[in-house]
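Colleague: Dropping the sequence and predicted coords here.
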Amino acid sequence: MNSKLGYILIYCYCHFVVDFVSAIFVLGRLSNMKKSYMGLAVAIILYNFFAFAFQVPIGYILDRFKSYKYIAIAGFIIIGVSYRLDFLNVLILALLVGIGNAMFHLEGGVRIYGISDRKSFLNGVFVAPGAMGIFLGTYFSKDLSNSFLPIGLIVTAVFFLLLVQKKDIYKQVDSRLHADEKVNAKADLLDVYIIVMLIGISIIVRAIGGSAISYDWQSIFIYGFLYTLSVVLGKALGGYFADKYGFLKVALISLAGGLVCMLLGIKVSILAFIGIFLFNIPMSITLTMLINILPNKKACAVGINTMFLFVGFAINMLVSFKNKMLVFGISVLLAMVSIIFAYKLYINGGFSDEHD
């Protein structure tokens, strides 16, 4: 097997596993320990905060010391140990599993970016399996919460991560990540902050919109699986289209097409699958733009991406929208506008070889 392909497949497999076992733990194991709905809701929010938003401070530390090795393995070990700590408070366990999950995502995101050549395809491929891990982990959380499968998968993930470290490509990426990367950018620091905030708006409103719209048939396993598979394919292939045809063009066309198809999907389910596929295409684009404008803060950039996702999650938890279709439509339009302005600054700042 090609060493680069094997490298990518290992991190993709581990991404599926980390989200699969984390979902089983939080929605299965913690649910069994915490009988009250409110207590479980607090644990879920705490887990999501540490798994997503807390990536920023952890990423800052990793970038500060240029140390990414063994971080993913340490994250898996923390999650695995948590499975054997039933005597601890559920909030502490939620915190631990969230941190373990965050640690894997940071190393994985940085290392895959290290072989991406500043393009978006591989970043999307790496992120994609997580969606299926969350779906299957959520669906089977009750059945598998007390089984040996999660621990077994964690052991295999750690084994593969140890194995990949012996490959030459791992050492090459490791050297590249330790070197100072400088981008010939004309943009000043204020422009970078503005780009980050505009990308953040697009991520937040997409998270709100994606959660606002739902279909009655999603609770049926096969339909839910196909819907999630469409999400996975959108994340995985979006970067390919973006690299080939241009970030802005692909992001705008996919969001506009996704808006129409998902609204029509209420009546025709196949259009919902196409719509959610299109809706997820911009994910790899915005993630890659974030890391490209923060070349010496790669882990922090990965964390900023997920922090914005958490903000969208928190808004959905706290706010109940009456007209969800209207919310979805507005969120897509806002995402399109914010991406347009972010891309203009991105190009003018010299962060890309694309031409406006």
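Modeller: All right, it came through fine. Numbers count the residues shown, from 1 in each chain.

Colleague: Which residue, other than its chain neighbours, is closest to I213?
Modeller: Nearest residue to I213, sequence neighbours excluded (CB to CB, 6 or more residues apart in numbering): F328, at 4.5 Å. The way it works is simple: take the backbone N, C-alpha and C, and place the C-beta from them, glycine included.

Colleague: Once you drop chain neighbours, what's closest to Y223?
Modeller: Closest to Y223 by CB to CB, 6+ apart is W217, at 4.6 Å.

Colleague: circling back to that earlier point, in whichever strand or helix holds the residue nearest to I213, what's buried?
Modeller: Using DSSP states H and E, F328 sits in helix 324-348. Within helix 324-348, the residues that count as buried by 16 or more other CB atoms under 10 Å are 327-329, 331-332, 334-336, 338-339, 342-343, 345-347.

Colleague: which of the residues you listed sit farthest apart?
Modeller: V327 and I347 (30.5 Å; CB to CB).

Colleague: Report the secondary structure state of the residue of the chain positioned farthest from its centre.
Modeller: In terms of distance from the mean C-alpha position of the chain, F87 ranks first, at 30.6 Å (CA atoms, centre = their mean). Assigned with DSSP: H, G, I helix; E, B strand; the rest coil, F87 falls in the coil class.

Colleague: which residues sit in contact with the residue positioned nearest the centre of the chain?
Modeller: The chain has V127 as the residue nearest its centroid, 5.3 Å off, counting by CA atoms, centre = their mean. Going by CB atoms under 8 Å, 6 or more residues apart in numbering, V127 touches H15, G109, K235, M283, S284, L287.

Colleague: one more time with 6 Å
Modeller: K235 (CB atoms under 6 Å, 6 or more residues apart in numbering).

Colleague: where does the stretch 151-300 of the chain have low pLDDT?
Modeller: 174-187 (pLDDT under 70).

Colleague: residue boundaries of the helices in it?
Modeller: For the stretch 151-300 of the chain, applying DSSP state H, counting those that start in this stretch gives helices covering 168-178, 189-212, 221-245, 247-264, 269-279, 282-293, 298-318.

Colleague: which non-adjacent residue is nearest R118?
Modeller: Closest to R118 by CB to CB, 6+ apart is N292, at 5.5 Å.

Colleague: Kindly report the same for I77.
Modeller: Closest to I77 by CB to CB, 6+ apart is V158, at 7.1 Å.

Colleague: What about that neighbour, how many residues nearby?
Modeller: Using other CB atoms under 10 Å, V158 is surrounded by 19 other residues.

Colleague: was I right about it contacting G75?
Modeller: No - the pair V158 / G75 is not scored as a contact, 9.9 Å apart, by CB atoms under 6 Å.

Colleague: and the helix or strand containing A72, what does it pack onto?
Modeller: Using DSSP H and E, A72 sits within helix 71-82. For helix 71-82, the elements it packs on are helix 90-113, helix 149-164, judged by 3 or more CB pairs under 6 Å, 6 or more residues apart in numbering; DSSP states H and E.

Colleague: which stretch among these comes nearest F273?
Modeller: helix 90-113 (26.4 Å).

Colleague: The closest one vs helix 282-293, what angle?
Modeller: 70 degrees (axes from the mean of the first three to the mean of the last three CA atoms, to 10 degrees).

Colleague: how much distance is there from the following helix or strand past helix 90-113 to the middle of the chain?
Modeller: Proceeding N to C from helix 90-113, the next assigned helix or strand is helix 121-127, under DSSP H and E. Here helix 121-127 is found 10 Å from its chain centre; the criterion is CA atoms, centre = their mean, to the nearest Å.

Colleague: contacting residues around the helix or strand following helix 121-127?
Modeller: Moving toward the C-terminus from helix 121-127, the next helix or strand (DSSP H and E) is helix 129-139. With CB under 6 Å, 6+ apart as the test, helix 129-139 has contacts from C12, H15, F16, D19, F20, A23, I24, L27, T228, V231, V232.
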